[in-house]
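# the sequence isn't on hand, but the structure is:
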């Protein structure tokens, strides 16, 4: 597993010495589908680096309603969790395993030193911020400028691209929760898309065509 960590970190253009430190101080964590990685209101002392699988980041309001923000794929980490770690802030978001995933958990205590010591780590952090910022802008654009049918189809295509699979194992209610709408609306739109030969529906499963 350490070789997988090393290969992924090399792809992020980190110095060999830094990679050795990350491998030395980090730990392996396996999470099942739907498991929580980070919950709102908690203070994280580790940041997750995705080795395999897929995580989704959600934002929750005071009434418990959630909206989908973006996915985290292999080789990516959550910029918001870096901020929470560095500033010892409580999390205002949720990170959930979209599918069975393998993570490398990096302790907060090392981040400050690495940012000062390694230029590549500073660039890695800034790049993570930029990637997540771009994805948040896309999410805001879809909410503001797209109708629900367009938002739904974009969500399905994003899920397909992130997971690398044309099969989406989701119920209509789960999709409705993530897009902050009703199950009835999602069911109606999925049926319409099915008639347009954009997808096929099965029990708790959608296949993108």
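Cool, the structure landed. The structure presented is a predicted model; accordingly, all values stated were derived computationally and were not measured.
# these two touch, right, residue 93 and residue 58?
Yes. At 6.5 Å, residue 93 counts as touching residue 58 under the criterion of CB atoms under 8 Å. (Glycine included, C-beta is placed from N, CA and C.)
# so residue 103 lies in a helix, does it not?
No. Going by DSSP: H, G, I helix; E, B strand; the rest coil, the assignment for residue 103 is strand, not a helix.
# go ahead and confirm residue 66 touches residue 174.
No. The criterion here is CB under 8 Å, and residue 66 misses it with residue 174 at 10.6 Å.
# which single helix of this protein contains the most residues?
In the chain, taking DSSP state H as the definition, the longest helix is helix 119-145.
# so which bits of it are buried?
Across helix 119-145, burial judged by 16 or more other CB atoms under 10 Å covers 120, 121, 124, 125, 128, 132, 135, 136, 139, 142.
# any idea how far residue 124 is from the residue nearest to the second one when sequence neighbours are not counted?
By the measure of CB to CB, 6 or more residues apart in numbering, the closest residue to residue 121 outside its immediate chain neighbours is residue 114, 4.3 Å from it. Taking CB to CB, to the nearest Å as the criterion, residue 114 is separated from residue 124 by 9 Å.
# can you check residue 154 too?
28 Å.
# equivalent analysis for residue 69, please.
Distance from residue 69 to residue 124, by CB to CB: 20 Å.
# and residue 36, by the same measure?
For residue 36, the distance to residue 124 - CB to CB - is 25 Å.
# what's the answer for residue 49, then?
The separation that residue 49 has from residue 124, given CB to CB, amounts to 10 Å.
# could you do residue 113 as well?
For residue 113, the distance to residue 124 equals 14 Å [CB to CB].
# which stretches in this structure count as strands?
27-31, 36-38, 46-52, 55-60, 66-72, 93-97, 101-107, 167-168, 199-202, 205-208 (DSSP state E).
# now these as JSON lines including distance to residue 180 and mean pLDDT?
Shown next, in JSON lines, are the strands of the chain (distance: least, CB to CB, whole Å; pLDDT from 0 to 100):
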{"stretch": "strand 27-31", "distance to residue 180": "25", "mean pLDDT": "91"}
{"stretch": "strand 36-38", "distance to residue 180": "20", "mean pLDDT": "84"}
{"stretch": "strand 46-52", "distance to residue 180": "25", "mean pLDDT": "87"}
{"stretch": "strand 55-60", "distance to residue 180": "10", "mean pLDDT": "83"}
{"stretch": "strand 66-72", "distance to residue 180": "5", "mean pLDDT": "81"}
{"stretch": "strand 93-97", "distance to residue 180": "14", "mean pLDDT": "85"}
{"stretch": "strand 101-107", "distance to residue 180": "24", "mean pLDDT": "89"}
{"stretch": "strand 167-168", "distance to residue 180": "18", "mean pLDDT": "87"}
{"stretch": "strand 199-202", "distance to residue 180": "21", "mean pLDDT": "87"}
{"stretch": "strand 205-208", "distance to residue 180": "19", "mean pLDDT": "88"}
